[in-house]
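Colleague: Test case, fold it:
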Amino acid sequence: MIVRFADWRDDAEMLSGVRHKVFVQEQGVPEDIETDGRDADCYHALALADWETPVGVARMDEQGHIGRVAVLPEWRGRGVGTRLVQFLILFATFEGIQRVEVNSQIDVCEFYQRLGFAAAGEVFEEAGILHVPMSLNLAKIPAEAAV
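Modeller: As a prediction, this is how the structure comes out:
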């Protein structure tokens, strides 16, 4: 499995395919919430099995907000999500972003805590799912150390 940058114009089918399976079909998120129109303005990470089969995705905006982290069920527990988020954290570090943030679904907060994120606000509901804002301060991590 590899993780690489993806461009929404070229890779939208793979990116949206994974997200649709996870968010819309599995979790019941309405399509109009999942497709928020912001993808063309975000950086995307794509996890591929066998260099071609999409198994996980994530995106980050220019301010360092990570979202739409999705891994196909049969690939969970294999480090795909960790590698996707670490990939975006590394990129954020090199871009000089001081803090990355995520709105974590309540049931995966521990995943983000293992990556160094801490709760940064009150629990809220979105698309019928409870979330908590979390953040990771990158200001103290020199880019060389993130490699």
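Colleague: you'd agree Pro54 is up against Val18?
Modeller: Yes. Under the criterion of C-beta atoms under 8 Å, Pro54 makes contact with Val18 at 5.2 Å. From N, CA and C alone the C-beta is placed, and that goes for glycine too.
Colleague: Count the neighbours of the closest residue to Ile106 other than its chain neighbours for me.
Modeller: Computed as C-beta to C-beta, 6 or more residues apart in numbering, the closest residue to Ile106 that is not its neighbour in sequence is Leu130, at 4.3 Å. By other C-beta atoms under 10 Å, the residues close to Leu130 number 13.
Colleague: What residues are bridge-paired with Leu130?
Modeller: Glu125 (DSSP bridges).
Colleague: Next: Ser135.
Modeller: What pairs with Ser135, by the bridge criterion (DSSP bridges), is Glu101, Ala118.
Colleague: Numbering from 38 from now on, please.
Modeller: Got it, the first residue is 38 from now on, which makes the last one we talked about Ser172.
Colleague: wait, what's in contact with Tyr149?
Modeller: Going by C-beta atoms under 8 Å, 6 or more residues apart in numbering, Tyr149 touches 122, 139, 141, 171.
Colleague: so Ala84 is in which element?
Modeller: strand 80-86 (DSSP states H and E).
Colleague: Output the below-cut-off pLDDT ranges for the chain.
Modeller: Within the chain, the segments meeting pLDDT under 70 span 177-184.
Colleague: again, only using 90
Modeller: 176-184 (pLDDT under 90).
Colleague: Select the longest helix from it.
Modeller: helix 117-132 (DSSP state H).
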